[in-house]
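Trainee: I'd like to go over a predicted model; first the sequence, then the structure.
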Amino acid sequence: MTRNLKFFFSLLIGLVSIEKVSAQEITNYQDISIKADHVTLNKFTNQLLLKTDLQISFGNYTFNGDSAILSYDEDKLVIDGFPASILSNKDNINGTAKQFIIYPNLSMEMLGDAKLLQNNQSIYADQITYQISSND
């Protein structure tokens, strides 16, 4: 199994037993850390809902937003914010968008007033598609 797939697989295994968590930080699932004031697993929709003061970190990347949904059926993580942000000091990446969609292969879509700064280069668009480094 590749490191990219381990990201979502580890998150799924680690969080599948959680019903509701308030003001908790969930850590130690590989290099993933999720922090949110409210975390809810909906077994009927097979989705994990994260709300309020959201911070998701893995590898060298940190995402901040207002809310997020991890959909196990659709294999994607959607982070919403006004704006949501990505930061990696090591890879010199900084960006914002109204929505980030991250897939198991670590490809990412930035939607709505998207801005991405990397190594003194900047991209501004309504939609940006980016491949997050897997650091393998």
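Mentor: Perfect, I can see it now. Numbering: from 1, shown residues only.

Trainee: contacting residues around residue 55?
Mentor: Residues in contact with residue 55, defined by C-beta atoms under 8 Å, 6 or more residues apart in numbering, are 33, 34, 35, 36, 62, 63, 64. All C-beta atoms are positioned from the backbone trio N, CA, C, and that covers glycine.

Trainee: Could you list the low-confidence segments of this structure?
Mentor: Counting by pLDDT under 70, the chain contains low-confidence residues at 1-31, 134-136.

Trainee: Helices of that one, residue ranges please.
Mentor: With DSSP state H as the definition, the chain shows helices at residue ranges 3-15.

Trainee: Isn't residue 70 up against residue 77?
Mentor: Yes: when contacts are counted by C-beta atoms under 8 Å, residue 70 is listed as touching residue 77 (5.0 Å).

Trainee: Quick check: phi and psi at the residue lying farthest from the centre of the chain.
Mentor: With distances taken as C-alpha atoms, centre = their mean, the residue sitting farthest from the centre of the chain turns out to be residue 120, at 23.6 Å. Backbone torsions of residue 120, given as degrees, to the nearest 10, read phi 60, psi 10.

Trainee: Could you do residue 104 as well?
Mentor: Dihedral pair for residue 104: phi -60, psi -30, per degrees, to the nearest 10.

Trainee: Would you agree it is in contact with residue 75?
Mentor: Yes: the pair formed by residue 104 and residue 75 meets the contact definition of C-beta under 8 Å, at 5.4 Å.

Trainee: In space, what's closest to residue 116 - neighbours in sequence excluded?
Mentor: In space, and not counting its chain neighbours, residue 116 is closest to residue 95: 4.0 Å by C-beta to C-beta, 6 or more residues apart in numbering.

Trainee: buried set for stretch 117-131?
Mentor: Within stretch 117-131, the residues scored as buried using 16 or more other C-beta atoms under 10 Å are 128, 130.

Trainee: Then stretch 72-88?
Mentor: For stretch 72-88, the buried set under the neighbour-count rule, 16+ other C-beta under 10 Å, comprises 72, 76-81, 83-88.

Trainee: how about the closest residue to residue 132 other than its chain neighbours, phi and psi?
Mentor: Take residue 132 and drop its neighbours on the chain: the residue closest to it by C-beta to C-beta, 6+ apart is residue 106, 4.1 Å away. Geometry field for residue 106 lists phi and psi as phi 70, psi 20, criterion degrees, to the nearest 10.
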